[in-house]
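Engineer: please work out how this folds:
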Amino acid sequence: AGGGRPEFVTKPHATDAGWLSDAGTACVVCGPSERGEAHTARESVSLDVLGRCYRIYRDVAERFPPEGALDAT
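Structural biologist: The predicted structure follows:
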């Protein structure tokens with residue numbers, strides 16, 4: 001979604017991705033933040049970054065709807 005090659009990184013905050021990855025599940029952690037500011041006292045996010053995350057979430061939801069979601073229509 002970002003147009004580049006995925007990069008494996010380690011961050012100083014926690015998600016379930018570490019445990020899920022250890023269990024054999026491929027994980028992607030995605031959320032709006034400015035580089036280096038996530039979970040800091042000066043955390044902020046620009047409208048451009050927020051819009052990019054919105055598009056990523058929307059595209060994922062449209063491409064991979066939950067099982068049975070399309071049957072409800």
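
Engineer: switch to C-alpha atoms for all contacts and neighbour counts from now on
Structural biologist: Will do.

Engineer: sec struct for Pro6, please.
Structural biologist: What DSSP: H, G, I helix; E, B strand; the rest coil gives for Pro6 is coil.

Engineer: ah, wrong one, I meant Val29
Structural biologist: Val29 is classified as coil under three-state DSSP.

Engineer: how many other residues sit next to it?
Structural biologist: Look at Val29: counted by other C-alpha atoms under 10 Å, it has 7 neighbours.

Engineer: check contacts around the residue nearest to Cys30 when sequence neighbours are not counted.
Structural biologist: Leaving aside its chain neighbours, Cys30 sits nearest to Cys53 (7.6 Å; criterion: C-alpha to C-alpha, 6 or more residues apart in numbering). Going by C-alpha atoms under 8 Å, 6 or more residues apart in numbering, Cys53 touches 30-32.

Engineer: got the buried residues for the helix or strand encompassing Cys53?
Structural biologist: Using DSSP states H and E, Cys53 sits in helix 47-63. With burial defined by 16 or more other C-alpha atoms under 10 Å, the residues of helix 47-63 counted as buried are 52-53, 56.

Engineer: average pLDDT for that helix?
Structural biologist: Mean pLDDT, computed over helix 47-63, is 90.

Engineer: what does stretch 8-15 give?
Structural biologist: Stretch 8-15 comes out at a mean pLDDT of 72.

Engineer: from the middle of its chain, how far away would that stretch be?
Structural biologist: Stretch 8-15 sits 12 Å away from the centroid of its parent chain (C-alpha atoms, centre = their mean, to the nearest Å).

Engineer: and that stretch, end to end?
Structural biologist: 15 Å (C-alpha to C-alpha, to the nearest Å).

Engineer: can you give me the distance of Cys30 to Glu67?
Structural biologist: According to C-alpha to C-alpha, Cys30 and Glu67 sit 22 Å apart.
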